[in-house]
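1. After the sequence you'll find the predicted model.
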Amino acid sequence: MSYDDQKYTAYALNELDANECAEIERSILAQPQAGAEIAETREMAGILRETLKTETAPALCEHHRDAIFRVASIAG
C-alpha cells in the first residue's frame, strides 16, 4: 500500500470502519513513515477546518436552489 492510498487519508480523517482501521494500523507498525504521513494529513485537515470556519458560503441563486430541490425530489 502506498502512502498516498485513499485509505490512509480516510484513516487520518476517521472515516474507516474497525476492520479497515486495523489494516492501516498494521501497516503503520511495519512502515513508520506511513504514520508520519497520517499525522501530516491530520494536521493539514485541522488547519483547513479552522481556516474554513470563518469562510462564508455564497448564497445560492434561485436557479441553483431549484435544481437541487428538483434532484432531491427525484432521488427521494
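-> Now that the structure is in, tell me what you want to look at. Residues are numbered from 1 along each chain as shown.

2. where's Asp17 relative to Pro32, distance?
-> As judged by C-beta to C-beta, to the nearest Å, Asp17 and Pro32 stand 24 Å apart. (C-beta placed from N, C-alpha, C; glycine too.)

3. Any idea how many residues pack against His63?
-> For His63, the neighbour count with other C-beta atoms under 10 Å is 7.

4. Gly46: what's it in contact with?
-> Going by C-beta atoms under 8 Å, 6 or more residues apart in numbering, Gly46 touches no other residue.

5. any idea how far Glu62 is from it?
-> For Gly46, the distance to Glu62 - C-beta to C-beta - is 36 Å.

6. Could you do Asn14 as well?
-> Asn14 sits 37 Å away from Glu62, taking C-beta to C-beta as the criterion.

7. ditto for Ile74
-> Here the criterion is C-beta to C-beta. By it, Ile74 lies 19 Å from Glu62.

8. what do you get for Lys53?
-> On the measure of C-beta to C-beta, Lys53 and Glu62 end up 28 Å apart.

9. got it, and Asp17?
-> Distance of Asp17 to Glu62, given as C-beta to C-beta: 40 Å.

10. what does Ser73 give?
-> Taking C-beta to C-beta as the measure, Ser73 falls 16 Å from Glu62.

11. Check Ile68 too.
-> Computed as C-beta to C-beta, the Ile68 to Glu62 distance reads 11 Å.
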